[in-house]
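>>> Next one to model:
(chains A and B)
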There are 2 protein chains.
Amino acid sequence: MAGYAIGVDLGGTNLRVALVEENGRLLEKLTTGTQVSRGRETVIAEMCSDIRQLAEKFSSAGNLRGIGIGVPGIIEMKKGFIHESPNLPGWDNFPVRDEIEQRLGTRVILENDANAAAMGEKWLGAGRDRPDMCMLTLGTGVGGGVILNGRIWHGMTGMAGELGHVTVESNGVPCKCGNLGCLEKYASATAVVRMAKEAIDSGQAPELKKAMSDTPEFSSKNVYQMAIQGDEPAQAIYRKVGSALGIGLAGMINILNLPMFVIGGGMASAWDAFAPTMMEEVKKRSFVFRATTPPPTGKIEPGKTIVTRAMLGSDAGLFGAALLPMLPEEVAEAHQIRKQA
Amino acid sequence: MAGYAIGVDLGGTNLRVALVEENGRLLEKLTTGTQVSRGRETVIAEMCSDIRQLAEKFSSAGNLRGIGIGVPGIIEMKKGFIHESPNLPGWDNFPVRDEIEQRLGTRVILENDANAAAMGEKWLGAGRDRPDMCMLTLGTGVGGGVILNGRIWHGMTGMAGELGHVTVESNGVPCKCGNLGCLEKYASATAVVRMAKEAIDSGQAPELKKAMSDTPEFSSKNVYQMAIQGDEPAQAIYRKVGSALGIGLAGMINILNLPMFVIGGGMASAWDAFAPTMMEEVKKRSFVFRATTPPPTGKIEPGKTIVTRAMLGSDAGLFGAALLPMLPEEVAEAHQIRKQA
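Here you go, the predicted structure:
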């Protein structure tokens, strides 16, 4: 009998729940505000209600293989806890996984949202047919996921893939993680807005200044619009984004020599504005990339390193989360680790 | 019947050949000058002669499982070629592996010397009992090896683990690899001598200046001696080494979340001079490290990230090279890849 799973993307702005078949077909997706401000209990109740609703509606679709939940924060895999998620205050040291398993009576896998997105792109997006890949998710922050031999590389404690906190400027902008010059401080949407403010404060960006005062919710998208319309200070900001991404990617290519690096998240839509500088830096800084540069056709060939845009947009994490309970090894890992704890 | 293998370390200064049993016991080691200047043919003939000599002497020790050769350069795994080895001019595009296999009639595995050293430390040194680890070899350059699930992570084309070419100063010293500010430009023996010359040229390092003019073969070891004797400019150089290592390690910890990072190679003997700064930087720059910091006792515990010195000295690569032909998966990989080529 065919199986399906339910993927959950517990984001800062939306709670999204989708039912996905083993073949990757999405049967239905529910999107609701997470109402994070109304507290943990409300969010969990909403999530469980959505999951039950979908599971009942599609009860004829096969066996429910489990629930995968992508969460913006660090997962303590052994315990099924969420740590250090500024978007989810009040969830620290709470046994989220066990709580939801009990309420629903089915197995639950928690995963970092960037890891889930990487798994989604690997399954159905840019990384299809690639056993190994790395994905950077450029959003409010910069998340990362490393897939090796078809599985998320969790590392020793589930904290691997923190690609947004690789140093790209050793004496650069301080990050809340304690480091200076993290990739996240130059390649996130937040960073673009910060750099726009810096440019405005320097007095060298009159158009940006005008746009910011005219736009109530001024964001990285406005800076992107101005960059593609030819505003030099806006273009310089996206060149900085590209340069930081290039430095980070070159290091990852030299360390891991993977066939594919995928750039996703909301900021990936500004690809045209940052990608040329990014690729220049990657070529200059990684001899491993140069030794494995794909031909200009962009055709995917064995032995070549592809740096490309994500394909699934904001659904990547939802697909990836749904896949996890359908992978025997992921289930085994989550449960083995829990038993050892 | 017990087995053994022969490991070869084809270095810039020495050719070393050792016979090692499956249990890790080294039965005999031959060390000769490689006479690289006398050309490829001389070196290969010498190597094969040494291997035959050991194999005949210990013919009663069991089955010869194969030959592993650690080489300073990039290995093209599919073809068994050595690429871009400045220490081995004239070896490019020559089928080293097949040539030696034919002469000796036994299987040969070529491996990058830093990968072989990592495998040696994993087998018998600092990384024992750790399935995953990363080793930096600080010598003339900086090499690296990443061990995941007990095996060398080769990446797509065998070029993974180029940890010496991770950027630690985005606008730093140019490297022959094309990048600026590679780890190797600050943490190799060559870098220490360069920084000593820079300090002397600045007029701020009178003792270093005196030592350099008094010492015919002035090396990083002299700078280390002066650092431990309290010379501030010499100490500053090793703080720079430590800082660069810390930046690089923090990134690797955030990317891979491995339980162990091992520092080896000749420069590791200057550990006292660079380790304090290195550990400060790692703590500051990696929140993954801080979340997994071992207790001050240095005791090895599950879930903790250890950064430590290598244990096997210059024999690490020899042991690692000998291990490779005794690992069925390594043999399978080398041969599968070759068949596909």
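
>>> Please, where are all the strands along the stretch 101-250 of chain A?
For the stretch 101-250 of chain A, applying DSSP state E, counting those that start in this stretch gives strands covering A:108-112, A:133-138, A:142-148, A:151-152.

>>> Between those strands, which one is closest to chain B.
strand A:142-148 (6.8 Å; CB to the nearest CB). All C-beta atoms are positioned from the backbone trio N, CA, C, and that covers glycine.

>>> And the contacts of that closest one?
A:72, A:112-119, A:122, A:127, A:131-137, A:152-153, A:160-164, A:182-184, A:187-188, A:256, A:265, B:148, B:153, B:255-256 (CB atoms under 8 Å, 6 or more residues apart in numbering or on different chains).

>>> what inclination does that strand have with respect to strand A:133-138?
Between strand A:142-148 and strand A:133-138, the angle comes out at 170 degrees (axes from the mean of the first three to the mean of the last three CA atoms, to 10 degrees).

>>> from the middle of its chain, how far away would strand A:142-148 be?
A distance of 7 Å separates the C-alpha centroid of strand A:142-148 from that of its chain, computed with CA atoms, centre = their mean, to the nearest Å.

>>> Would you tell me which one of the strands of the stretch 101-250 of chain A is buried the most?
Neighbour counts (mean count of other CB atoms under 10 Å in any protein chain shown) averaged over each of these peak at strand A:133-138, with a mean of 29.

>>> is that strand anywhere near chain B?
No - counting by CB under 8 Å from any CB of the partner chain, chain B is not contacted by strand A:133-138; separation bottoms out at 8.8 Å.

>>> Can you list the strands that that strand pairs with?
Here strand A:133-138 is paired, per DSSP bridges, with strand A:142-148 (antiparallel), strand A:260-264 (parallel).

>>> returning to what we had before: emit the ChimeraX select command for whichever of the contacts of strand A:142-148 are buried.
Isolation of the buried members of the contacts of strand A:142-148 (16 or more other CB atoms under 10 Å in any protein chain shown) is achieved in ChimeraX through the command below:
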select /A:72,112,113,114,115,116,117,118,119,122,127,132,133,134,135,136,137,152,153,160,161,162,163,164,182,183,184,187,188,256,265 /B:148,153,255,256
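
>>> wait, doesn't A:Met267 sit right on A:Thr190?
No - counting by CB atoms under 8 Å, A:Met267 does not reach A:Thr190; the two are 9.8 Å apart.

>>> Looking at those two, which has the bigger crowd around it?
Higher neighbour count among A:Met267 and A:Thr190: A:Met267, with 28 against 17, using other CB atoms under 10 Å in any protein chain shown.

>>> list residues touching both of A:Met267 and A:Thr190?
With CB under 8 Å, 6+ apart, A:Met267 and A:Thr190 have common neighbours A:Ser220.

>>> wait, is A:Pro86 part of a helix?
No - applying DSSP: H, G, I helix; E, B strand; the rest coil, one finds A:Pro86 to be coil, outside a helix.

>>> residues near it, how many?
Close neighbours of A:Pro86, defined as other CB under 10 Å, add up to 11.

>>> Ramachandran coordinates for it?
Dihedral pair for A:Pro86: phi -60, psi -20, per degrees, to the nearest 10.

>>> Kindly report the same for the one 10 residues further on.
The phi and psi values for A:Val96, taken as degrees, to the nearest 10, are phi -50, psi -50.

>>> Distance of it relative to A:Pro216?
35 Å (CB to CB, to the nearest Å).

>>> Those two: who's more crowded?
Between A:Val96 and A:Pro216, counted using other CB under 10 Å, the more crowded position is A:Val96 (24 against 5).

>>> Flag every residue of the stretch 151-300 of chain A that's near chain B.
Applying CB under 8 Å from any CB, we find that the stretch 151-300 of chain A lies next to chain B at A:153-163, A:165-170, A:177-180, A:243, A:247, A:250-252, A:254-259, A:284-288, A:290-292.

>>> give me that answer again for 6 Å
Contact residues, the stretch 151-300 of chain A versus chain B (CB under 6 Å from any CB of the partner chain): A:155-157, A:159-160, A:162, A:165-167, A:169-170, A:177-179, A:247, A:251, A:254, A:256-257, A:259, A:284-285, A:287-288, A:292.

>>> For A:Glu56, identify the helix or strand it belongs to.
helix A:40-57 (DSSP states H and E).

>>> can you tell me which residues contact the residue in the stretch 51-200 of chain A positioned nearest to chain B?
Residue nearest to chain B within the stretch 51-200 of chain A: A:Gly155 (2.5 Å; CB to the nearest CB). Applying CB atoms under 6 Å, 6 or more residues apart in numbering or on different chains, we find A:Gly155 in contact with B:256-257.

>>> any idea how far it lies from A:Ile44?
Distance, A:Gly155 to A:Ile44, using CB to CB: 27 Å.

>>> A:Lys122 too?
Between A:Lys122 and A:Ile44 the computed distance is 28 Å (CB to CB).

>>> contacts for the host helix or strand of A:Gly320?
Taking DSSP H and E as the criterion, A:Gly320 maps to helix A:316-323. By CB under 6 Å, 6+ apart, the list of residues contacting helix A:316-323 from outside reads A:5, A:7-9, A:16, A:18, A:20, A:68-70, A:113, A:116-117, A:119-121, A:123-124, A:264, A:310.

>>> That helix to strand A:133-138, inter-axis angle?
For helix A:316-323 against strand A:133-138, the angle by the same axes, to 10 degrees is 130 degrees.

>>> what ranges of chain A fall below the confidence cut-off?
A:1, A:34, A:298, A:335-341 (pLDDT under 70).

>>> and the gap between the residue lying farthest from the centre of it and A:Pro233?
Note on chain A: the largest C-alpha distance from the chain mean falls to A:Gly203, namely 34.5 Å (CA atoms, centre = their mean). Here the criterion is CB to CB. By it, A:Gly203 lies 11 Å from A:Pro233.

>>> nearest spatial neighbour of the most centrally placed residue in chain A, skipping sequence neighbours?
Centroid check for chain A by CA atoms, centre = their mean gives A:Ala114 as the closest residue, at 3.0 Å. With sequence-adjacent residues excluded and distances taken as CB to CB, 6 or more residues apart in numbering or on different chains, A:Ala114 is closest to A:Gly143, at 2.7 Å.

>>> Please apply the same query to A:Tyr186.
In space, A:Tyr186 is closest to A:Ala244, 3.5 Å off (CB to CB, 6+ apart).

>>> Quick one: neighbours of A:Tyr4, just the number.
The burial count for A:Tyr4: 24, using other CB under 10 Å.

>>> now the longest helix anywhere in chain A against strand A:133-138, angle please.
Secondary structure of chain A read by DSSP state H shows that its longest helix is helix A:232-256. Between the axis of helix A:232-256 and that of strand A:133-138 there is an angle of 150 degrees, by the same axes, to 10 degrees.

>>> Fine by me, we can end here.
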